[in-house]
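S.K.: Sequence first, predicted model second:
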Amino acid sequence: MDRVFLDANVLFSAAYLPSSGLTRLWSMPQVQLVTSEYAAAEALRNLTEPEQRARLATLLVPIEVTTPHEVAPLHDTGLPEKDLPILEAAASANCSHLLTGDHRHISHLYGTTLRGVLVQTPAQYLGGRAQAGE
């Protein structure tokens, strides 16, 4: 089973439009979706419409929302300080994947595995699952 950590921008995009293709993640077999309180709060903060906020609340129901426990900091990643809690939370929750659309700050890590967490875009993850016949 994949433990897939969703960054705030993935949560935001899934909640922003009711027809978002990202919502496929919620119905995939053998996938446990995970996020952190930090990421969920950031997504909520950036959604302005009440129906988007309501969609986010609904999307969060089946997701394991974690509060990271202490892990050694990952300061050697080239990430800005504000993005470190996302990667640290994914590692702390023993996730297999971190899905993010943050091309500006995290794209240099796409395809990289750090502390057992493979960093990918949602499209990369969904494409890999499609190739596997899922």
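M.R.: Perfect, I can see it now. Residues are numbered from 1 along each chain as shown.
S.K.: C-alpha from now on. contacts and neighbour counts both.
M.R.: OK.
S.K.: Does Leu87 touch Thr100 like I think?
M.R.: No: taking contact to mean CA atoms under 8 Å, the distance of 10.2 Å between Leu87 and Thr100 leaves them out of contact.
S.K.: need the contact list for Leu98.
M.R.: Listed by CA atoms under 8 Å, 6 or more residues apart in numbering, the contact set of Leu98 reads Val4, Phe5, Leu6, Asp7, Leu87, Ala90, Val117, Leu118, Val119, Gln120.
S.K.: Same question for Ala90.
M.R.: By CA under 8 Å, 6+ apart, the residues touching Ala90 are Phe5, Val34, Thr35, His97, Leu98, Val117.
S.K.: element containing it, please.
M.R.: Assignment of secondary structure by DSSP states H and E places Ala90 within helix 84-92.
S.K.: Put the alpha carbons of that helix into CSV.
M.R.: Included here for helix 84-92 are C-alpha records, laid out as CSV according to Å, rounded to 0.1, in the frame of the first residue of the first chain:
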residue,chain,number,x,y,z
LEU,A,84,10.8,21.9,5.1
PRO,A,85,7.8,21.1,7.4
ILE,A,86,6.1,19.4,4.4
LEU,A,87,8.9,17.0,3.7
GLU,A,88,9.6,16.4,7.3
ALA,A,89,5.9,15.6,7.9
ALA,A,90,5.9,13.1,5.0
ALA,A,91,9.0,11.4,6.4
SER,A,92,7.7,11.5,9.9
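S.K.: Okay then, goodbye and thanks.
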